[in-house]
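Chemist: Predicted model and sequence follow; I will ask about them next.
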Amino acid sequence: MSAPIITGLIARFVDRFPALSGVQAGQQLIDSGAAFTVAGPNNTTVAIPRVQPVAAFKLATLPRNIAAGAAPTCGAVNLSWQAPLAQPGANYHLRFATSPAQPSGNGQSLGAVNSFVLTGLSAPIVLQIRTQDSVGLSEWSDSIAATPTPCAPAAIASIQFVGPSSQCGDLTYLNCRTVQWSSAANATRYELEHTFSTVFTGRPTQTVITTSDSVRYGLVKIRACNTACGPWSETLSVGPGPNE
């Protein structure tokens, strides 16, 4: 690319991004493409920057270092980014779609901020952000995948005993029953707390990933969990079944 063309591109850059000096505009162009090498003297190589004007304009306007992480609120994603290289955005736009679909449309306006908490989500998403400055809108950023903080499962709807008593931990007596319960949405495990008295400590004594387990005679409560736990079920009295 000839020197007059480069000079013209730098002038366009400065005109589009008045906050940049000519030197900064030239560096933006140099950084826009991967360098290629040519043979130099004495068996050396020389790196020559490959200027890509379209990529340079895009990179100069896009928000940088977009990150999506867990939020303290369930069903939410915490978003953050930095202002574009050329000049700060007066506004940022966000659009997203449930994964694996790609976002489309104009999205929502966020204002002149560098972070945002997206709420009301129930599944992983794919998102994009773009900048709006004094001249116009940038292109959309590359797509970024994000997973919302899971909400604690709801209370277990139903619990029942299945089958007769069995032996567990004591080969002399029939001292256990199989307890079965309904699955809870978004649960990855179930916690059971057992006691031989009427006092519960609030600490699980058994953890399973199925919806049934063998429980000794006594009292038991069950709750559904993922990274957080839902409420404990009603207290069940575990004892011999009918006609035992």
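Modeler: Perfect, thanks for sending it. Numbering: from 1, shown residues only.
Chemist: for the chain, what are the low-confidence residue spans?
Modeler: Along the chain, the parts satisfying pLDDT under 70 run over 1-42, 44-60, 87, 169-172, 243-244.
Chemist: which non-adjacent residue is nearest residue 227?
Modeler: In space, not counting the residues next to it along the chain, residue 227 is nearest to residue 150; the distance is 5.7 Å by CB to CB, 6 or more residues apart in numbering. Where C-beta positions appear, they are placed from N, C-alpha and C, glycine not excepted.
Chemist: Please name the residues that touch the spatially most central residue of the chain.
Modeler: Computing the C-alpha centroid of the chain and ranking residues by CA atoms, centre = their mean puts residue 147 first, at 2.6 Å. Contact analysis of residue 147 by CB atoms under 8 Å, 6 or more residues apart in numbering lists 70, 77, 124, 125.
Chemist: Please pick the buried ones from the residues you listed.
Modeler: Taking 16 or more other CB atoms under 10 Å as the criterion, what is buried in those is 77, 125.
Chemist: Let me have the contacts of residue 147 in JSON lines, adding secondary structure and distance to residue 156 as columns.
Modeler: Output for the contacts of residue 147, formatted as JSON lines (DSSP: H, G, I helix; E, B strand; the rest coil; distance: CB to CB, whole Å):
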{"residue": "70", "secondary structure": "strand", "distance to residue 156": "26"}
{"residue": "77", "secondary structure": "strand", "distance to residue 156": "28"}
{"residue": "124", "secondary structure": "coil", "distance to residue 156": "25"}
{"residue": "125", "secondary structure": "strand", "distance to residue 156": "28"}
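Chemist: of the contacts of residue 147, closest to residue 162?
Modeler: Distance to residue 162 across those (CB to CB) is lowest for residue 124, with 35.2 Å.
Chemist: Name all residues that make contact with the closest one.
Modeler: Contacts of residue 124 by CB under 8 Å, 6+ apart are 98, 99, 145, 146, 147, 148.
Chemist: Pull the number of nearby residues for residue 164.
Modeler: Using other CB atoms under 10 Å, residue 164 has 13 other residues around it.
Chemist: and what of residue 97?
Modeler: Neighbour count of residue 97, defined by other CB under 10 Å: 15.
Chemist: What of residue 128?
Modeler: For residue 128, the count of nearby residues is 20 (other CB under 10 Å).
Chemist: Dump stretch 81-88 to PDB, restricted to CA.
Modeler: Taking Å, rounded to 0.1, in the frame of the first residue of the first chain, the C-alpha atoms of stretch 81-88 are listed here in PDB:
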ATOM      1  CA  TRP A  81     -16.100  -4.000  29.100                       C
ATOM      2  CA  GLN A  82     -13.700  -1.200  28.300                       C
ATOM      3  CA  ALA A  83     -14.100   1.800  26.100                       C
ATOM      4  CA  PRO A  84     -13.000   1.500  22.400                       C
ATOM      5  CA  LEU A  85      -9.400   2.400  21.600                       C
ATOM      6  CA  ALA A  86     -10.300   5.500  19.600                       C
ATOM      7  CA  GLN A  87     -12.700   7.300  21.800                       C
ATOM      8  CA  PRO A  88     -15.200   6.600  24.600                       C
END
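Chemist: Pipe the contacts of residue 147 into a markdown table and attach distance to residue 139 per row.
Modeler: Converted to a markdown table, these look like this (distance: CB to CB, whole Å):
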| residue | distance to residue 139 |
| --- | --- |
| 70 | 28 |
| 77 | 22 |
| 124 | 24 |
| 125 | 20 |
